[in-house]
Structure formats: structure tokens, C-alpha cells
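J.: fold the following and give me the result.
(one chain, ligands or ions: 1)
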Amino acid sequence: MDNSLSPHSPSPHPGKDIGGGLPVIRYWAEHTLAPEGPQVWQTLLHKSACLSCAWGTGGQKGGFTNEEGEKLQRCAKSVESIVAELQPPVEPHFFEQHTIAKLQQLSSMEADRLGRLSFPAILRAGSSHYERIGWDEAYDLIEEAFRQPPDRVASYSSGRSSNEAAYLLQLMMRSLGSNNLADCSDLCHRPSTEGLSTTFGSGTSTVSLESLKQADCVVLIGSNAPSNHPRLMNELIKLRDRGGTIIVLNPVREVGLVKFGSPSFPVKSLLPGSDIANLFLQPIPGSDLAVMVGIQKSLIDHNSIDDDFLKAHTEGWEAVVEQAQVTSWETIVETCGVSQADIETAATLIAQAERVVFAWAMGITHQANGVDGVCGIANTALLTGNVGKLGAGVMPIRGHSNVQGFGSMGVKNELKPALKKALEKLLGRSLDLEPGYHARSLIEAADVGKVDTLLCLGGNLYAANPDLTQAKRALSQINTVIYLATKPNLGHFHGLARQHTLILPVFNRFENPHKTTVESGNNFVRLNDEGKTHLKKADLVAEVNFIAELAYRLHGGSSVDWRRLQDTRYVRRLIAQTIHGYEKIGQIDETKEEFTIGDRIFTRPQFRTPSGKAQMQLTPLPKLTLPTPEDFGSSKKGIVLALITGRSYTQHNTVVYRAADKYRGMPHRHCILMNIEDVRVGGLSDRQQVTVQGEAGQLENIEIICGDVRRGAALMFYPEANVLMKAVADPKSHTPAYKRVPVLIFSQ
Ligand code: SF4
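T.: Residues are numbered from 1 along each chain as shown. Next comes the predicted model:
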């Protein structure tokens, strides 16, 4: 098939013309041949899952092995995260020598480069410096802070930690009577969980890696996989090799989605690069649902929907078909900015394929209609009978290595009925708890003084939020904030509590003194061996030990033997008893058998809804408008665009490893990627320094870089650009619309 890519504006700063390729090898060599090389290799070979994305590389078959046992599946992103963890410790007197005001001037990258945290520290009210604190005093303070009414204590967590730590965290919070379990997934893939749960009764990918390998078409929506999930690219290359088709939807024409050079195929791919997208569509940010409805309409018009499948295995399909039929092409094209012809080409490619996987990332979920976007994708898959068989299905691509495991362990502000019943049995008490705070409502509650204590198990709640002014103010209303972390981040210096802010240093995944487990985005559980830290004289704690000790202090030995829970084998036995699909984890210490979680991969069209049928949802198209320059209260001329806040290449969540983004031709973090036509219409010029104003704040001295982004859209880097945006959230998932932020760009 021809590589018929949609036309795009030429860029004066084209960056690279191939993703991956030699720079990846150079990066590997830089770190693995450097003095720290032996340590990096030792860690790469350690039997534990990759720290970085949720593709699930590593584990018991060796650090380079994927879920299917294939070798050489470790990417440079993984090396980046390991190298950062192998840094020397933060100097013992560092905090005494640097005021908090000074630390607040650091960038995310500079904060990360301070080194590993190796002793507990506290910032007390009125003090200008963090100071070292002993563990006994720290525990006493934290115990006291948690002796508050359950609605006034909360936790926030990220996917860095293990299933065992996640399980204990939710068990401790629920034993306290609190559902205030905010999680980083509230800020990323919660719309996927909500949309998929409503449709299929299961909130995760319906596709295993084995199944993906049998697809003959992948529709990749709102994802920058070459940067964020590099080993997925191997699957896309192999799919093209076997004659399959790849359709990409992304307002930014990411170079690695056009051509990618994979080190796993040194001869045929690394240097020349492999073609990825057969068709590359660039919709308006936030409009992918309109493309989906257009595809549905075209499929219906051409009798390409699977009536037998719909009648036998779905409910609500008639309304979805009618919705697509009555939605005019004018509305669809006007909403998404993609031509009818291009949408129909996508529909034809899908109809021609036997087995289609629909995959997406945060371009879909970071929208004010994130759940509808996910349901629109699921509807398209179901209309063509592409769920419930090998080689087909719906696949959210998760960002952080164990973010999905946290959801499975019950870290959520609502307790699902089945888990509630199991935990009630375990704890011997009723858990009729009010819904708690998700990440956004936690910030809003804190902002009005409703939260006394916050425990952050990893993550960077401050920087991950929209409207950083509000986030900072909200966290400052909380009496005690406790951060468990391996390295400093901006949250430790800006997200300061009213009374006590504690930073507690923890072992990372390959250092823990006990075995732990994590869950990949494709529902595979990996077992991490115990390890050792390279830090000399480090005073670290294992997260499991910390939570179990805190819970013991708060609850004593009642219902659960909390101190025994410092033994992760015992935690795994409790997980096996209480978490559906995780039964095999009870024997994993003996068998070492990593496993696919039960009842999640649908190879038959029998879903986990009460009727066993998929529940198709109506998905009204969004009305996408932008304010005028006057709406910003500005007298400046300029141009209003829909800003996408995204990660650069060499960035993992809020952690920045390198400032420049060579792929997009963006030389530093203070750039805005714009279409050359928008630059012209705005009376601006390439490389000009401009002001970017959002509804919550503005950034000055931002350099325009003309690049391959569609007209009407622009891209800046998260988390720096978060300061611009108000927290406009999807009402169904409460996830903020980070990828459609109205901004005014004007000459300063
Ligand atoms: S693709 Fe993801 S899981 Fe695999 S090595 Fe790279 S960062 Fe790690």
C-alpha cells in the first residue's frame, strides 16, 4: 500500500526526518560505556520491570524481555530512567545551604539532577530550609497528622510504586474510613477506565501483546508512541512488514509515527527507518470523536458494519447507528477539520482489515469529552466486530509503568462493589464510605481548607495539575504533606504544607529489599526481584514497610496483622483473595510464574457486563469553539489557538531528562510549536519571542518554532505550560483538558 500521508505545511525547522535511529544507539552508548556503565548494565539485567512506561518490559525472564518472551526489548527511555535513579545522593548539607526560595527557582530537570534522596527531611512552618529529621520523629508527626476525621485525610499516588504498596495504601485509608484515594490516573487515563468499564464491564485493554501481534490494522489515536512507548513501535513495524495497515490520528505530525528506525532491527530498520503510518490524519485538538463518528457513518453508508455481531453481542447499537446517520458530513468535517474523503479512506482501510486494534493515549483522554472520545472509539470497534477476538480490540496505552496496577489494587476514590465486599470480609467491618476525592476535587477541597493531611506515594501532584497557582495555594492550606520519593521534584519545593512538609526517601523498584509486582498496560503481572541500592549510608525506607508501620500505629493489630504486612508475600496472598483476576499472585513466590490477569483479554465476544453484551453509548459531538482575543481581556493583536500541552522527547511524565526536543526541532523548553500559516495570520514570525496568555496565567519570552502541527493548534511542553490553563475537566471523568487549552499568542 502507498504511504499516502495527508498534506501538511512545510516546516523551516523540520527536526529529524526519522524517529528512533542512530540517536538511540548513541544514547545507549553514552550511558552504558560511561563510568556508570557497569551499574546501568547490572540494573538493565536485574529481574524487574522497566521503571518507565507501562509496556511492561523486564521481569522474571530478564530485563530485556517482553511479555511474549522476545529479547532486545529495552528502549533508551528505560535507560534514561535507570541512569536518573543511579545518580549519587543529594549532598548531606544541601538543604541547609539552599533556601526554599532558591529551590523554587529550579526547573524540573534541575530538580531531578540534584540526585537521589537519601535521608528524611522536613520543612517546618516559618523555616526557610528543609532540615534532616529522624525516622522516629517523622513517624510520630505523621501518625499525629493522620489522627483526624477520615474526610480530612487523603492520599495521592503515582504508578511508580508496586502493587503491594498500592494495596496497602488503599487498605490503610479504607480502614481509616476514607475513600480519599486520589491517583495520577485521575489526571491521565481515567476516561479510558470509565468509558471501557461502561461499555465492556472491564476498564483496561481488551488486547494482549499476543493478540496485538495478530492484528492486520492498528488505528493509533492521540499517541506519541515513538517517544512514550518506544517498544510498541516494534509491533507497528512488524505489522507493516506482514502487510498490515496503520492509521494515525494526531494534530501534530510526529516524525516517529511517519518513519521509525528501530534498534531491534539493525539492518532493515535502524538506519533507513521503517514506514509507520499508511494514513496520517491531523484533526483539530479535541475532535477525534468527530472522526470516529465520520468513520462510523462511512462504514454504515457502505454496508461495512457487522450486523450479526451487533445483534448478538451488543446493546444500544441501533441508537449509535442512527446517531452517525443523522450527523451530517458538514458537521463532522467542520468539527474535526479533516476532509470527508480522508475520513472515508480511513473507514475503507478499517473495513478491509480482518482484525483491527484501536489504540489511544492522552490525546483522547486529555479532553473535556474524554469519556465520550473513548466510547466513540469503542463504538467504531464494535460496529466492525473488532472486539472479542484475537488480533482485535481496544487498547488504551498507559503512561507510567504501574499506573494500571494501582487501579486494580483499588486505589480509586470509589470502592467497586466486588472489592468492597471482599475488603469488608477481610477487615470485618462495613465499608459504606462516601466517595472520596479524586485528584481534581482533592485540590479544590484543599483550596477551601477541607484537608488536613496528605500522603503522596510518588508523583508530583503540584506540577501535574492545571492552574499551578491554584495547586500551590491549595497545597499550602493542608497542615501536613508527606512525600515519598526517590528524587526531588518541583512538588517538593512548591507544594508546601501549612505546618509540616516531609520528604521521605524510598527504595526504587530494583532496590526494594523484598519482591514486588507490577501490572503492564496489557494486563500482564510482572514479578520484581529484591535488590540493593548503590547509595552508601542511605537512610531509605521501603514503601510497603512505611505504610504497614503507619497503619499499625493507627490501627494496632485490629482485623489485620499490619506488621505482618511488611512481608510482601503475605500482601500478595491478600491480593489473591480480594482482587478479581489476580488469583495467581497468591502462588507467584513459589511458581515465579508471571501471568495475564483473568477476565480482561476478550478473545470471545462475551463481556463483563450483566448481560454479557457490550453496552454501546451515544457520543454527542463536541462544539469546539475558541475565545476571541478580547475574551482574554487583552488589547494585543495576535492569534488564538488550541494549545496541546505535551511531553517532549526525553521526558517522562513531569520529569525532564533533556531540554531540547530534536525531533520536533524545538531547541529548549520555552518554545511554542505553531503552523507557519497561523504565525503569518497572527502577524508573527518564526523564532520570534512572544507572550502566551491562557485563562489562568501567561508565559513570556516564548520562542515560536514553526513545525508540523495543524492549523489552529499549537504545542507547548507540560508541565511548564500548565500555569496557563484553568482546570476545565470532562464531567464524566474529572480529567482536565490538557490538550485543548485556549491561548492568545501575541508579540511582546
Ligand atoms: S517501551 Fe516502555 S516498558 Fe519497554 S523498555 Fe521502553 S519505557 Fe520500558
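J.: hey, let's count contacts and neighbours off CA atoms from now on
T.: Will do.
J.: okay, now whatever residue of the stretch 601-748 of the chain ends up closest to the ligand: neighbour count?
T.: When scored by Cα to the nearest ligand atom, the stretch 601-748 of the chain has residue 652 as its residue closest to the ligand, at 9.0 Å. By the measure other Cα atoms under 10 Å, the count of residues near residue 652 is 20.
J.: I figured it was touching residue 52, is that so?
T.: Yes: using Cα atoms under 8 Å, residue 652 is in contact with residue 52, at 7.3 Å.
J.: first-to-last residue distance for stretch 447-458?
T.: 21 Å (Cα to Cα, to the nearest Å).
J.: and stretch 649-658, by the same measure?
T.: End-to-end distance for stretch 649-658: 8 Å, by Cα to Cα.
J.: one more: stretch 150-162?
T.: Start and end residues of stretch 150-162 are separated by 24 Å (Cα to Cα).
J.: cool, and stretch 177-196?
T.: OK, stretch 177-196 end separation, Cα to Cα: 28 Å.
J.: and the average pLDDT for it is what?
T.: Stretch 177-196 shows an average pLDDT of 98 in the prediction.
J.: cool, stretch 465-477 as well?
T.: On average, the pLDDT along stretch 465-477 is 96.
J.: list the contacts of it.
T.: Contacts of stretch 465-477 from elsewhere in the structure, counted by Cα atoms under 8 Å, 6 or more residues apart in numbering, are 187, 440, 443-449, 451-452, 462, 481, 494-498, 696-697, 722-727, 736, 738.
J.: same check on stretch 412-430?
T.: Stretch 412-430 is contacted by residues 171, 175, 179-183, 410, 431, 434-438, 559-560, 577-579 when judged by Cα under 8 Å, 6+ apart.
J.: if we go to 7 Å?
T.: Applying Cα atoms under 7 Å, 6 or more residues apart in numbering, the external contacts of stretch 412-430 come out as 179-183, 431, 435-438, 559-560, 578-579.
J.: counting neighbours, which bits of it end up buried?
T.: Buried residues in stretch 412-430, counted by 16 or more other Cα atoms under 10 Å: 412-415, 419-424, 427.
J.: and what of stretch 525-538?
T.: Those would be 525-531, 538, for stretch 525-538 by 16+ other Cα under 10 Å.
J.: repeat that for stretch 334-347.
T.: 334-340, 342-347.
J.: repeat that for stretch 63-74.
T.: Quick answer for stretch 63-74 (16+ other Cα under 10 Å): 63-67, 71, 73-74.
J.: before we move on, the earlier item: quick one: which of the buried residues of stretch 334-347 is nearest to the ligand?
T.: Set against the ligand, the nearest of these by Cα to the nearest ligand atom is residue 346 (27.0 Å).
J.: please name the residues that touch that closest one.
T.: Residue 346 makes contact with 247, 295, according to Cα under 7 Å, 6+ apart.
J.: start and end of stretch 480-496, how far apart?
T.: 9 Å.
J.: buried sites along that stretch?
T.: 480-496.
J.: what does stretch 589-608 give?
T.: Buried residues in stretch 589-608, counting neighbours by 16+ other Cα under 10 Å, are found at 593-597, 599-603, 605-608.
J.: any chance of those residues in a markdown table, with pLDDT too?
T.: Formatted as a markdown table, the buried residues of stretch 589-608 follow (pLDDT from 0 to 100):
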| residue | pLDDT |
| --- | --- |
| 593 | 96 |
| 594 | 96 |
| 595 | 96 |
| 596 | 97 |
| 597 | 97 |
| 599 | 96 |
| 600 | 97 |
| 601 | 97 |
| 602 | 98 |
| 603 | 97 |
| 605 | 98 |
| 606 | 98 |
| 607 | 98 |
| 608 | 97 |
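J.: of the buried residues of stretch 480-496, which belong to strands?
T.: 480-485 (DSSP state E).
J.: can I get the buried residues of stretch 589-608 in JSON lines including distance to residue 586 and secondary structure?
T.: Shown next, in JSON lines, are the buried residues of stretch 589-608 (distance: Cα to Cα, whole Å; DSSP: H, G, I helix; E, B strand; the rest coil):
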{"residue": "593", "distance to residue 586": "11", "secondary structure": "coil"}
{"residue": "594", "distance to residue 586": "11", "secondary structure": "coil"}
{"residue": "595", "distance to residue 586": "12", "secondary structure": "strand"}
{"residue": "596", "distance to residue 586": "14", "secondary structure": "strand"}
{"residue": "597", "distance to residue 586": "13", "secondary structure": "coil"}
{"residue": "599", "distance to residue 586": "17", "secondary structure": "coil"}
{"residue": "600", "distance to residue 586": "19", "secondary structure": "coil"}
{"residue": "601", "distance to residue 586": "21", "secondary structure": "coil"}
{"residue": "602", "distance to residue 586": "23", "secondary structure": "coil"}
{"residue": "603", "distance to residue 586": "25", "secondary structure": "coil"}
{"residue": "605", "distance to residue 586": "29", "secondary structure": "coil"}
{"residue": "606", "distance to residue 586": "27", "secondary structure": "coil"}
{"residue": "607", "distance to residue 586": "25", "secondary structure": "coil"}
{"residue": "608", "distance to residue 586": "23", "secondary structure": "coil"}
